[in-house]
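J.: Make a model of this:
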Amino acid sequence: MPKGYIIARVTITDPEAYAEYAKGATEAIRLYGGRPLVRGGPYEALEGEARARNVVIEFDSVEQAKRYYHSPEYQAAKSRRAGAAVGEFVVVEGAA
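T.: Numbering: from 1, shown residues only. You can find the predicted model right below:
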């Protein structure tokens with residue numbers, strides 16, 4: 001079964017509030033078996049608009065990635081992100 005990946009590109013507008021979101025998101029990732037592969041770090045825009053924070057989280061399947069995203073634990077964390085960041089979040093199926 002192909003892996004599932006949550007990919008997020010984020011611009012943080014309120015670092016303190018975002019830090020609270022990150023604490024809750026980290027716990028939800030752990031609860032749902034996610035493995036952060038990329039979490040911030042130096043980056044270089046090669047083409048198009050880039051965002052300063054880039055995250056890739058691996059799950060055993062797309063279904064498990066969606067369970068994480070829609071879970072009560074992650075949704076509680078997500079509510080703390082409102083107004084603290086702007087970004088795009090997608091789920092992607094990995095290569096078989």
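J.: Give me the longest helix you can find in this structure.
T.: In the chain, with assignment by DSSP state H, the single longest helix is helix 15-31.
J.: by contact count, what packs against that helix?
T.: Judged by 3 or more C-beta pairs under 8 Å, 6 or more residues apart in numbering; DSSP states H and E, the packing partners of helix 15-31 are helix 62-70, helix 72-81. Placement of C-beta: from N, CA and C, glycine included.
J.: Can you list the neighbours in contact with the helix or strand just after the longest one?
T.: If I follow you right, that is helix 72-81. Using DSSP states H and E, the helix or strand that follows helix 72-81 in sequence is strand 85-93. Strand 85-93 is contacted from outside by 2-14, 18, 21, 51, 53, 62, 65-66, 69, using C-beta atoms under 8 Å, 6 or more residues apart in numbering.
J.: now with 7 Å?
T.: With contact meaning C-beta atoms under 7 Å, 6 or more residues apart in numbering, strand 85-93 is reached by 2, 4-13, 18, 51, 62, 65-66, 69.
J.: These, buried ones only, as a ChimeraX selection?
T.: In ChimeraX, a selection of the buried entries from the contacts of strand 85-93 looks like this (16 or more other C-beta atoms under 10 Å):
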select :4,5,6,7,8,9,10,12,18,51,62,65,69
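J.: Okay, and which of the contacts of strand 85-93 map to strands?
T.: 4, 5, 6, 7, 8, 9, 10, 11, 12 (DSSP state E).
J.: Might one say that the fourth one is in contact with residue 56?
T.: Read that as residue 7. Yes: Residue 7 is within contact range of residue 56, at 5.4 Å (criterion: C-beta atoms under 7 Å).
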